[in-house]
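> just coords:
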C-alpha cells in the first residue's frame with residue numbers, strides 16, 4: 001500500500017480574514033469583496049471591483065452565446081420538421 005501525498009503543485013489561496021481556501025486569486029478577491037467588505041483594505045476593494053466587472057463581462061458573453069445556440073437549435077428543428085413532416 002502506498003501513501004498518497006497531497007499534490008504540491010496545487011496552490012491554495014486562503015482568505016486572510018476567515019481562512020477559506022480558494023483556487024485562484026480572482027475567486028479570493030471576489031470572496032473578500034462579498035464576505036469581508038467592511039474589513040477589506042482599499043486595494044482589496046479595488047481588486048474586487050475589477051474582478052467583478054471581468055466576471056460580469058464573461059457572464060454576459062456566456063449568456064449571449066447560450067441564447068444564440070438555443071436560437072440555432074430551435075430553427076434547426078423547425079426547418080427539419082417542415083422538410084420531413
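On my side now, so go ahead. Not measured: the values here are computed from a predicted model. Numbers count the residues shown, from 1 in each chain.
> the closest residue in space to residue 33 that isn't next to it in sequence is in what secondary structure piece?
Once flanking residues are discounted, residue 33 sits nearest to residue 48: 2.7 Å by CB to CB, 6 or more residues apart in numbering. Where you see a C-beta, it was placed from the backbone N, CA and C, and this is true even at glycine. Assigning secondary structure by DSSP states H and E places residue 48 in helix 42-84.
> let me see the mean pLDDT of that helix.
Confidence for helix 42-84, expressed as mean pLDDT, is 96.
> what packs against that helix?
Contacts defined by 3 or more CB pairs under 8 Å, 6 or more residues apart in numbering; DSSP states H and E place helix 42-84 against helix 25-35.
> and for residue 49, the neighbour number?
12 (other CB atoms under 10 Å).
> so it versus residue 39, what's the distance?
Separation of residue 49 from residue 39 (CB to CB, to the nearest Å): 16 Å.
> pick out the residue closest to the middle of this protein.
By CA atoms, centre = their mean, the chain has its centre lying nearest to residue 55, at 6.4 Å.
> now that one, nearest residue through space, not along the chain?
Nearest residue to residue 55, sequence neighbours excluded (CB to CB, 6+ apart): residue 30, at 6.8 Å.
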